[in-house]
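In: Fold the stuff below for me.
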Amino acid sequence: MYRLDIDPIAQEQIWALPQKALAALGEEFDVLGLVPERGQPINPANPTGGVYQLVFGEGRGLITYLMLEDHQRVDVLLVAWVSFDEPGP
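Out: The predicted structure is shown next:
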């Protein structure tokens with residue numbers, strides 16, 4: 001099992017997420033703790049470089065993280081969420 005370490009910048013981004021995003025993010029954090037290789041390498045030319053991205057929340061969220069396999073640790077670097085404005089009346 002991998003330990004998740006949340007970067008302070010990512011923590012601020014998480015605090016700003018809507019409730020719907022937090023539930024989806026929690027599910028993905030559970031997955032990252034077990035299978036961090038699930039994400040896609042950020043640089044396809046260097047697939048073993050250790051930096052990955054994982055889409056979550058029906059394609060609206062993106063987690064960027066560093067997998068430190070030797071330390072059994074995943075460093076969450078960035079968390080992004082796309083909000084769509086609902087049309088007005």
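In: all strands for the chain, in order.
Out: 3-6, 40-41, 51-56, 61-68, 73-81 (DSSP state E).
In: which other helices and strands contact the second one?
Out: Going back to what we said before, that points to strand 40-41. strand 51-56 (3 or more CB pairs under 8 Å, 6 or more residues apart in numbering; DSSP states H and E). (Each C-beta comes from the backbone N, C-alpha and C, glycine too.)
In: partners of the strand it packs on, with directions?
Out: strand 40-41 (antiparallel), strand 61-68 (antiparallel) (DSSP bridges).
In: would you turn those strands into CSV with mean neighbour count and distance to residue 31?
Out: As requested, the strands paired with strand 51-56 are exported to CSV (neighbours: other CB atoms under 10 Å; distance: least, CB to CB, whole Å):
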stretch, mean neighbour count, distance to residue 31
strand 40-41, 14, 14
strand 61-68, 20, 10
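In: which stretches of this protein have low pLDDT?
Out: Along the chain, segments meeting pLDDT under 70 span 85-89.
In: list the contacts for the residue nearest in space to the middle of the chain?
Out: Centroid-nearest residue in the chain, with CA atoms, centre = their mean: residue 63, separated by 2.2 Å. Going by CB atoms under 8 Å, 6 or more residues apart in numbering, residue 63 touches 25, 28, 32, 39, 53-54, 56, 76, 78-79.
In: Throw together a ChimeraX command that grabs the buried residues out of those residues.
Out: In ChimeraX, a selection of the buried entries from the contacts of residue 63 looks like this (16 or more other CB atoms under 10 Å):
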select :25,28,32,39,54,56,76,79
